[in-house]
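Participant: Got a predicted structure plus its sequence, pasted below:
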Amino acid sequence: SYGDRDRNQSGDRRSYGDRDRNQSGDRRSYGDRDRNQSGERRSYGDRDRNQSGERRSYGDRDRNQSGDRRSYPQRGGVERTYNEFAPVRERVPEPPLPDEITPKDLHSSARNELKTLSKENAERVARHLAMAAQLIDDNPELAHEHALAASRRAGRVAVVRETLAITAYAVGDFALALRELRTYRRISGNDDQIALIVDSERGVGRPDRALEAGRSVDRATLPVPVRVALAIAMSGARLDRDETELALGELEIPELDPDRAFEWSPALFSARAAVLEDLGRHDEAAFWTQRAEVAASALGLDGDFDEMIVEDGLIEGDFLDDDVPDAPAAEENTGAASEPDAADEAESDQESDEQENEA
């Protein structure tokens, strides 16, 4: 038994001190434990020499007696063999950054999130994010490359993962967008991109999951632009399921006021007009189409309802089209501008540590 291994010849348990005595009963000094057979103390270098007296190379220290490299145990008891021919992971080249792009081109709130990085890395990431923001409309593919470069350098920063999700959505990679949106949501704790999550679920062909994701949040806690974008995305998911009447019902929200124009009003009015058209209610569809055009004109959007950025929070009545009867009265902007094409939890942080270490 285990206890018998620690007993002497007479059967008595040895004291702790007896375990470290030599055959003559004398206690060995600490120095004696590191001496060779001739009694001489080994030098530190001798401890790492082979039988022929030559110092072993670093690689030889990891080989067995037959000269083969030893395998390493893996989790679960499975041995993993060292592969000396495994390819070396090279750094992915980053898209060039124009000299005129500086960290100050990125919004101050986004720059604040980069303070956990080193100064040099934070500046590089900020410039990539600024380029992604500038290119998202005209060149989404290049914007996506800049977002990927930022993610490789700062994969644990929420605004970086959010930017990567938006550019992935812009280039049609809905699976990547969905993964990054979930990661952003987990890191930040915010639901402000829930509409884009719903729309990305639609993009990968899962309208049921899209509806489930949309119902998982308390809409009363969402900012108004996010709540409107979510209603539009949920309506689209209903259309994917051929539930046209329910799609119209998703748009019946308090913000659906034809006499008021906010930055999110054109998209909401246009979405309602499209559903009414599908239902064959053409007169009503024409009415909401007109309202969408008037609201867009008042906000200076020129009919572009999908990507809305309003610089001025208050639109004066002088900007309204006087030729259109009953033009909607513009109101004060009550929320932040919605993200481009604004519409749960996949793990992706496993790559972040490697990416940040490489940076």
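Facilitator: Yes, it's here.

Participant: need the helices for the protein, in chain order.
Facilitator: Ranges of helices in the chain, per DSSP state H, are 108-112, 119-135, 140-153, 158-170, 174-188, 194-203, 207-215, 224-240, 244-250, 265-278, 282-299, 352-358.

Participant: Turn those helices into CSV, columns for mean neighbour count.
Facilitator: All C-beta atoms are positioned from the backbone trio N, CA, C, and that covers glycine. Formatted as CSV, the helices of the chain follow (neighbours: other C-beta atoms under 10 Å):
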stretch, mean neighbour count
helix 108-112, 13
helix 119-135, 21
helix 140-153, 23
helix 158-170, 26
helix 174-188, 22
helix 194-203, 27
helix 207-215, 19
helix 224-240, 24
helix 244-250, 18
helix 265-278, 23
helix 282-299, 19
helix 352-358, 13
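
Participant: between the ones you listed, which one is nearest to Asp257?
Facilitator: Closest of the helices of the chain to Asp257 is helix 265-278, at 7.9 Å (criterion: C-beta to C-beta).

Participant: Run the angle between the closest one and helix 224-240 for me.
Facilitator: Here the directions of helix 265-278 and helix 224-240 differ by 20 degrees (axes from the mean of the first three to the mean of the last three C-alpha atoms, to 10 degrees).

Participant: ok, residues contacting helix 265-278?
Facilitator: By C-beta atoms under 8 Å, 6 or more residues apart in numbering, the surrounding residues in contact with helix 265-278 are 228-229, 231-232, 235-236, 239, 244, 247-248, 251, 253, 255-258, 282, 284-289, 291-293, 295-296, 299, 301, 303, 305-306, 308, 328, 338.

Participant: Return it as CSV; C-alpha atoms alone will do.
Facilitator: Extracted C-alpha coordinates of helix 265-278, given in CSV (Å, rounded to 0.1, in the frame of the first residue of the first chain):
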residue,chain,number,x,y,z
SER,A,265,-38.9,58.9,-40.6
PRO,A,266,-38.1,58.4,-44.3
ALA,A,267,-37.0,54.8,-43.8
LEU,A,268,-40.0,54.0,-41.6
PHE,A,269,-42.5,55.6,-44.0
SER,A,270,-40.9,53.9,-47.0
ALA,A,271,-41.0,50.5,-45.3
ARG,A,272,-44.7,50.9,-44.6
ALA,A,273,-45.4,51.9,-48.2
ALA,A,274,-43.6,48.8,-49.4
VAL,A,275,-45.7,46.5,-47.2
LEU,A,276,-48.9,48.2,-48.2
GLU,A,277,-48.0,47.7,-51.8
ASP,A,278,-47.5,44.0,-51.2
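
Participant: and Asp105, how far is that from Arg127?
Facilitator: For Asp105, the distance to Arg127 (C-beta to C-beta, to the nearest Å) stands at 7 Å.

Participant: should've said Glu141
Facilitator: For Glu141 relative to Arg127 (C-beta to C-beta), the value is 18 Å.

Participant: can you check Arg272 too?
Facilitator: Arg272 is 41 Å from Arg127, by C-beta to C-beta.

Participant: Please apply the same query to Leu256.
Facilitator: From Leu256 to Arg127 the distance is 41 Å (C-beta to C-beta).

Participant: same question, Ala247
Facilitator: To Arg127, Ala247 is 42 Å away according to C-beta to C-beta.

Participant: Point out where the protein drops to low pLDDT.
Facilitator: Low-confidence segments of the chain (pLDDT under 70): 1-90, 301-359.

Participant: ok, 90 please
Facilitator: Along the chain, the parts satisfying pLDDT under 90 run over 1-93, 258-261, 297-359.

Participant: hmm, back to that, distance to Asp99 added to the helices of the chain, as a markdown table?
Facilitator: Converted to a markdown table, the helices of the chain look like this (distance: least, C-beta to C-beta, whole Å):
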| stretch | distance to Asp99 |
| --- | --- |
| helix 108-112 | 19 |
| helix 119-135 | 10 |
| helix 140-153 | 15 |
| helix 158-170 | 22 |
| helix 174-188 | 29 |
| helix 194-203 | 33 |
| helix 207-215 | 42 |
| helix 224-240 | 35 |
| helix 244-250 | 48 |
| helix 265-278 | 37 |
| helix 282-299 | 35 |
| helix 352-358 | 24 |
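
Participant: Which of those sits closest to Leu97?
Facilitator: Here helix 119-135 is closest among these (C-beta to C-beta), at 5.0 Å.

Participant: Which elements pack onto the closest one?
Facilitator: Packing partners of helix 119-135 (3 or more C-beta pairs under 8 Å, 6 or more residues apart in numbering; DSSP states H and E): helix 108-112, helix 140-153, helix 158-170.

Participant: Format the ones you listed as a markdown table; extra columns: distance to Leu97.
Facilitator: Supplementary listing: these in a markdown table, determined by distance: least, C-beta to C-beta, whole Å:
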| stretch | distance to Leu97 |
| --- | --- |
| helix 108-112 | 16 |
| helix 140-153 | 8 |
| helix 158-170 | 15 |
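
Participant: quick one: which of these is nearest Gln193?
Facilitator: Closest approach to Gln193 among these (C-beta to C-beta): helix 158-170, 6.6 Å.

Participant: would you put the C-alpha positions of the closest one in CSV?
Facilitator: Output of helix 158-170 as CSV, limited to C-alpha atoms (Å, rounded to 0.1, in the frame of the first residue of the first chain):
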residue,chain,number,x,y,z
ALA,A,158,-16.1,47.1,-28.5
VAL,A,159,-16.0,49.9,-31.1
VAL,A,160,-13.6,47.8,-33.2
ARG,A,161,-15.8,44.8,-33.2
GLU,A,162,-18.8,47.0,-34.0
THR,A,163,-17.1,48.6,-36.9
LEU,A,164,-16.1,45.2,-38.3
ALA,A,165,-19.7,44.0,-38.0
ILE,A,166,-21.0,47.0,-39.9
THR,A,167,-18.5,46.7,-42.7
ALA,A,168,-19.1,42.9,-42.9
TYR,A,169,-22.8,43.7,-43.3
ALA,A,170,-22.1,46.3,-45.9
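
Participant: Many thanks, I have nothing further to ask.
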